[in-house]
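Engineer: here you go, sequence then predicted model.
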Amino acid sequence: KQEVTQIPAALSVPEGENLVLNCSFTDSAIYNLQWFRQDPGKGLTSLLLIQSSQREQTSGRLNASLDKSSGRSTLYIAASQPGDSATYLCAVRQGGSEKLVFGKGTKLTVNP
Amino acid sequence: GAGVSQSPRYKVAKRGQDVALRCDPISGHVSLFWYQQALGQGPEFLTYFQNEAQLDKSGLPSDRFFAERPEGSVSTLKIQRTQQEDSAVYLCASSSAQGYSNQPQHFGDGTRLSIL
């Protein structure tokens, strides 16, 4: 059974700092990996999707990497801003399945 | 264009009542998913539709949970004889992907269900 773990559970940083969020998964037979952002009381916003054949994806100040063989992904946020404060969730889509398996998320607070 | 729309946003019910939660996916999206998110946890998969066909219902926690998508568009998640442990946020997602296609899932804002 696929298990997804995110470390740390919470992170507080000053504005302008570069930061890394970590995601690990137990079964490397994934089809893709997605990073989402969730604001309080809201649904999930898709940030980046990395296919299993890719090593990284970039969107603006966000960069996500994938090391499928070691079961790890990182989300790098450059020059963090207070508006980046949210919970960040990592999810994997298993090969042969349509569903996503999520981690519990990392709650990020960026202080002005 | 409009995103995934869910209604109601909040639902309070007494234990033992039946509830129905609605999801309007993005127009033209073939795939539709329901997830359950408990407080402080990540979403957990409940069920998946491709058009009107329910292809995976392995995540439904009991036979009190039932989902349908009769015309391949709007979907309803029904919970019968609700219990306190059913209290959670129910998220709907849709995607243009089917089979071997890398398209993201797009989520609605969810329905927050509270069972008293």
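Structural biologist: It's in. All of these numbers come straight from a predicted model, not from anything done at the bench.
Engineer: ok, now how distant is the residue nearest to the spatial centre of chain B from residue B:67?
Structural biologist: The residue lying closest to the centre of chain B (Cα atoms, centre = their mean) is residue B:34, at 3.0 Å. Separation of residue B:34 from residue B:67 (Cβ to Cβ, to the nearest Å): 6 Å. Using the backbone N, CA and C atoms, a C-beta is placed for each residue, glycine as well.
Engineer: now for those two: what residues contact both?
Structural biologist: Residues touching both residue B:34 and residue B:67 by Cβ atoms under 8 Å, 6 or more residues apart in numbering or on different chains: B:46, B:47, B:75, B:77.
Engineer: and the pLDDT for the second one?
Structural biologist: In this model, residue B:47 is scored at 97, pLDDT.
Engineer: burial count for it?
Structural biologist: 23 (other Cβ atoms under 10 Å in any protein chain shown).
Engineer: okay, and it sits in which element?
Structural biologist: strand B:44-50 (DSSP states H and E).
Engineer: quick one, what contacts the residue in chain A that chain B sits nearest to?
Structural biologist: Of all residues in chain A, the one sitting closest to chain B is residue A:102 (3.3 Å; Cβ to the nearest Cβ). When contacts are counted by Cβ under 8 Å, 6+ apart, residue A:102 touches A:4, A:89, A:90, A:91, B:42, B:43, B:44.
Engineer: ok, residue B:61 next?
Structural biologist: Counting by Cβ under 8 Å, 6+ apart, the residues that residue B:61 touches are B:36, B:46.
Engineer: so whatever residue of chain B ends up closest to chain A: helix, strand or coil?
Structural biologist: Chain A sits closest to residue B:42 of chain B, with a gap of 3.3 Å, by Cβ to the nearest Cβ. Following DSSP: H, G, I helix; E, B strand; the rest coil, the label given to residue B:42 is coil.
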